[in-house]
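no sequence on this one, just coordinates:
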């Protein structure tokens, strides 16, 4: 008996399908707006939030801003995304699936006094369906052009 072989119909399936041109880069459609994730909790909760927002950005065809970590009063950790993760590789690895930028464009930041806390924060229910994001979040994103997610 081989315990590592998947059972019939239980094979792993990719969560994204690559459509890479001959140059190795596929052009993504025009973005519907910017998603900003404010991840909090421990490292694992932050990682899960990042994975979730990458999937949502792909679903909504949104540009993802490099994640922001909340300073946690329990952990007292002021680490930034780039202190823990390789930003260059993050952007490179997602290049065919999601547009990623390091920060919001300056004109948007100026509208909010360079404080993203002033941008609309959409609190979404855990385990929301793709339909929820398409019906509730996408119209708000397209209206405002930028939203903050707090998972």
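The structure has been received and is ready for your questions. Remember, it's a predicted structure, so these values are computed and weren't measured experimentally. Numbers count the residues shown, from 1 in each chain.

For the protein, just list every one of the helices.
Counting by DSSP state H, the chain has these helices, from start to end: 43-60, 81-84, 87-94, 106-111, 130-132, 138-144.

Just say which of the ones you listed is most tucked in.
For the helices of the chain, the largest average neighbour count (mean count of other CB atoms under 10 Å) is found in helix 43-60, namely a mean of 18. Any C-beta I mention is one placed from the backbone N, CA and C, and that applies to glycine too.

now for it, which elements pack on it?
strand 34-39, strand 63-65, strand 146-150 (3 or more CB pairs under 8 Å, 6 or more residues apart in numbering; DSSP states H and E).

report the angle between the axes of it and helix 87-94?
Counting by axes from the mean of the first three to the mean of the last three CA atoms, to 10 degrees, helix 43-60 points 40 degrees away from the direction of helix 87-94.

as a whole number, average confidence for helix 43-60?
Averaged across helix 43-60, pLDDT comes to 90.

Now do it: distance to the chain's middle.
In terms of CA atoms, centre = their mean, to the nearest Å, the centre of helix 43-60 is set 5 Å apart from its chain centre.

most packed of the helices and strands packed on helix 43-60?
strand 63-65 (a mean of 24).

Show me what that one is packed against.
Looks like strand 63-65 contacts strand 34-39, helix 43-60, strand 100-101 (3+ CB pairs under 8 Å, 6+ apart).

Compare the helices and strands packed on helix 43-60 and say which comes out lowest on pLDDT.
Minimum mean pLDDT among the helices and strands packed on helix 43-60: strand 146-150, a mean of 85.

hmm, who's touching it?
Contacts with strand 146-150, where a contact means CB atoms under 8 Å, 6 or more residues apart in numbering, come from 33-38, 40, 49, 53, 56, 104, 108, 116, 119-124, 137, 140-141.

Check stretch 111-123 too.
36, 38, 68, 104, 109, 137, 140, 144, 146-150.

Of all pairs in those residues, which one is the farthest apart?
109 and 137 (21.7 Å; CB to CB).

Low-confidence regions, this protein specifically.
1-26, 71-76, 151 (pLDDT under 70).

do that again at 90, thanks
Residue ranges of the chain with pLDDT under 90: 1-29, 37-49, 67-85, 108-128, 148-151.
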